[in-house]
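Undergrad: whatever this is, show me its structure:
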Amino acid sequence: ALMPDVTPKPLRSKANAVINLMGSVGGVYTLIMIKLLVKKADKPDYMLLFISVAGLMVLAAMLLLATIRENKLREEKQAQEAKEGQEDDEETETDARGHGGLSAPVRKSLIFILASVVLWFMAYNAVTTAFSRYAVHVWGLEGGSFANCLLVATAAAMVSYIPIGMISGRIGRKRTILAGITLMTFSYFCGFLFREYSAVINAVFAVTGIGWAAINVNSYPMVVEMSKNSNVGKYTGLYYTFSMAAQIITPVLSGFFLEHVSYRTLFPYAMLFSVASFCTMLAVKHGDARPEKKESVLEHFDIED
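TA: Okay, the predicted model is just below:
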């Protein structure tokens, strides 16, 4: 919730791109530490690994404390929000006690984007969770060779985060997400066509990574775009509640079909939920970026203008 608290609305997709990129860097750091610090395969000692990760987290917290003046930024954002009160009135309604809430159209958009979040996480996490078993049973891969495909997807996403953040600032978050869903659906369809492993599959997973980056960079900013500074945390909680719920449900549901029907159901399962997320996303009419017409992107940080 700190990102939307201190970032101007038109720049939130770019800021979220940086967040996702740095999260991936943190994951890479942990993988490197595993290779360097976990030596014995029979009796591994993870203490040094835990210490190295904890040290990185302490360093990150210190940097945050030293560089972010949250109270000052919050006051500036509240002042800006007060100036935009007339615009907010179009999207909010006030009850008899003076409590503001979402207007009916915005509430509808919020419901549909949260439904979209559930559906595309149902698709993506089904594939990432069961892919190791799928690669073994369907493609006959052995050992950890299946990980190459997932690494390609991760690398493609990392490379795409920043450009996608810039693209969404130009064409809009919703269009970028719809393009990402299209790429994801296409990659699931291609994955289903392969009867055995081929190097071309890596290209398919690169498309998956790019599509996922397009979705992931813009979905959270769209949700919090419908909030005010005073309830950003609430909307952040909604976003993660729905996304985490999908990640809990989909391994069980997709696993049922893998076990009782066929492993070949994995990619059609993902396609079904991905297409459904495209349909629900079409119904979202709010939460897109509304950049001001300024001469420089940097001027968005000038609250006084």
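
Undergrad: run through the residues that contact the residue most central in space within the chain.
TA: In the chain, the residue lying closest to the centroid (Cα atoms, centre = their mean) is N216, at 2.6 Å. With contact set as Cβ atoms under 8 Å, 6 or more residues apart in numbering, N216 has these partners: 16, 20, 157. The C-beta positions use only the backbone N, C-alpha and C, and glycine is treated the same way.

Undergrad: next, work out how far apart it and R69 are.
TA: From N216 over to R69 the distance is 28 Å, taken as Cβ to Cβ, to the nearest Å.

Undergrad: likewise M222?
TA: Taken as Cβ to Cβ, the span from M222 to R69 is 27 Å.

Undergrad: same check, this time on A156
TA: 36 Å.

Undergrad: and what of N16?
TA: As judged by Cβ to Cβ, N16 and R69 stand 21 Å apart.

Undergrad: these two: which is more packed in?
TA: Neighbour comparison, N16 and R69: the larger count goes to N16, with 26 against 12 (by other Cβ atoms under 10 Å).

Undergrad: and the more buried one, what does it touch?
TA: By Cβ under 8 Å, 6+ apart, the residues touching N16 are 3, 165, 216-218, 220-221.

Undergrad: adding pLDDT, distance to Y263 and secondary structure, write the contacts of N216 out as TSV.
TA: Formatted as TSV, the contacts of N216 follow (pLDDT from 0 to 100; distance: Cβ to Cβ, whole Å; DSSP: H, G, I helix; E, B strand; the rest coil):
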residue	pLDDT	distance to Y263	secondary structure
N16	86	34	helix
N20	85	30	helix
A157	89	25	helix
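
Undergrad: host element of the residue nearest to the centre of the chain?
TA: Using DSSP states H and E, N216 falls within helix 200-225.

Undergrad: how about R12?
TA: Using DSSP H and E, R12 falls within helix 12-37.

Undergrad: got the buried residues for that helix?
TA: Under the neighbour-count criterion of 16 or more other Cβ atoms under 10 Å, helix 12-37 has 12-17, 19-21, 24, 33, 37 buried.
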